[in-house]
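Engineer: after the sequence you'll find the predicted model.
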Amino acid sequence: MFLFKKIVTPLFYPLTLCLILMAAGLLLLWFTRRQRAGRILVTVGVVMLAVFSSGTVSDRILGPMERSFPPFTAVQERVKWIVVLGGGHTSDPALPVTSQISPESLQRLTEAIRIYRSLPGSKLILSGGAVFDPASEAEIFRQTARAIGIPPQDLVLSDRARDTEEEARFIREMVGGDSLVLVTSASHMPRAVALFRKRGMNPIPAPAAHLVKRRQSPVPEDFYPSTMALLKAQLAIREYLGMTWLKLSGKL
């Protein structure tokens, strides 16, 4: 089922879906007599691509999700654990470790280290297994944190999980009833918090890697389609699909 989700979910991403519609329309136009259906499919694909490429649209889709939890400031209680969830990596030995970790994961780790330095006595739990890569994400996190200067005794690896549901399960086994700060991307935080609470934990959210940012004044690029807008729409759709799957399967 894990592999099935990984294969099927990208079919619903904006760029993939638009290209499928346009390709199907072109096939009808070139090789069949169903010209009207072909024109409709191509038109729908182009219009959808234009809509999802608009920053105004993608910000409205992703923005509410990213603002579900405020940024981490401070806590009154003593917190022992800061958990940072994996967000992607590629273990290419020819590259420095800071390039092997994905930009999203690097932003999560940076925020986790910022919080760690504000909470004396805390430790970092680095989460993420080896799914489609020989090295686990937790290990790449560890190498990056060490390169930044975090002492090894404050780094704890959780390197078995393949997805967020498993991350919550394995981390519950590690921390028990201890308080924890949960660091992940702002768009991913609602699903992560729900899964951690389902496991009986009460994480303190620390969202990172925000993509929707409110400019003080518009810039010319705001009025053109962009790949960044497509990425924002893709992230929002991924999270909506993830929440829907968890609810339909009874896991939330």
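Structural biologist: The structure has been received and is ready for your questions. Numbering: from 1, shown residues only.
Engineer: the closest residue to Phe72 other than its chain neighbours: what secondary structure?
Structural biologist: Closest residue to Phe72 apart from its sequence neighbours, by C-beta to C-beta, 6 or more residues apart in numbering: Ala206 at 3.6 Å. C-beta here means a position set from N, CA and C on the backbone, and glycine is covered the same way. Look at Ala206: counting by DSSP: H, G, I helix; E, B strand; the rest coil, its state is strand.
Engineer: number of residues surrounding Ala206?
Structural biologist: Ala206 is flanked by 26 other residues according to other C-beta atoms under 10 Å.
Engineer: show me the contacts for it.
Structural biologist: Ala206 makes contact with Pro71, Phe72, Ile82, Glu111, Ala112, Ile115, Val181, Leu182, Val183 under the criterion C-beta atoms under 8 Å, 6 or more residues apart in numbering.
Engineer: looking at the residues you listed, which is nearest Phe4?
Structural biologist: For the contacts of Ala206, the closest approach to Phe4 (C-beta to C-beta) belongs to Leu182, at 27.2 Å.
Engineer: for the helix or strand encompassing that closest one, C-alpha coordinates in PDB please.
Structural biologist: Secondary-structure assignment from DSSP states H and E places Leu182 in strand 180-185. Listed next in PDB are the C-alpha coordinates belonging to strand 180-185 (Å, rounded to 0.1, in the frame of the first residue of the first chain):
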ATOM      1  CA  LEU A 180       8.300  17.600  22.500                       C
ATOM      2  CA  VAL A 181       8.500  20.300  19.900                       C
ATOM      3  CA  LEU A 182       7.500  19.100  16.400                       C
ATOM      4  CA  VAL A 183       9.300  20.700  13.500                       C
ATOM      5  CA  THR A 184       8.100  20.100   9.900                       C
ATOM      6  CA  SER A 185       7.100  22.200   6.900                       C
END
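Engineer: partner strands of it and their direction?
Structural biologist: Strand pairing for strand 180-185, using DSSP bridges, gives strand 81-84 (parallel), strand 204-208 (parallel).
Engineer: give me the angle between whichever helix or strand comes after the last one and strand 180-185.
Structural biologist: For strand 204-208, the succeeding helix or strand toward the C-terminus, using DSSP H and E, is helix 227-248. Counting by axes from the mean of the first three to the mean of the last three C-alpha atoms, to 10 degrees, helix 227-248 lies at 130 degrees to strand 180-185.
Engineer: what's in contact with helix 227-248?
Structural biologist: 5, 9, 12-15, 52-55, 57-59, 61-62, 65, 164-165, 185, 187-188, 190-191, 194-195, 211-212, 252.
Engineer: mind giving me the ChimeraX command for buried ones among these?
Structural biologist: To isolate the buried ones among those in ChimeraX, judged by 16 or more other C-beta atoms under 10 Å, type:
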select :13,14,15,52,53,54,55,57,58,59,61,62,65,164,165,185,187,188,190,191,194,195,211,212,252
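Engineer: inside strands: which ones of the contacts of helix 227-248?
Structural biologist: Assigned to strands by DSSP state E, the following of the contacts of helix 227-248 qualify: Ser185.
Engineer: pLDDT on the strand holding Leu182, on average?
Structural biologist: Taken as a whole, strand 180-185 carries a mean pLDDT of 98.
Engineer: do stretch 224-244 as well
Structural biologist: If you average the pLDDT over stretch 224-244, you get 96.
Engineer: tell me the buried residues in that stretch?
Structural biologist: 229-239, 242-243.
Engineer: could you identify the most distant pair in the contacts of Ala206?
Structural biologist: Maximum distance among those (C-beta to C-beta): 14.5 Å, for Pro71 and Ile82.
Engineer: neighbour count: these two, which is higher?
Structural biologist: Ile82 (27 against 11).
Engineer: just list the residues touching His85, thanks.
Structural biologist: For residue 85 the amino acid is Leu, not His. So, once contact is read as C-beta under 8 Å, 6+ apart, Leu85 ends up touching Arg108, Ser127, Gly128, Thr164, Glu167, Leu182, Val183, Thr184, His188, Ala192.
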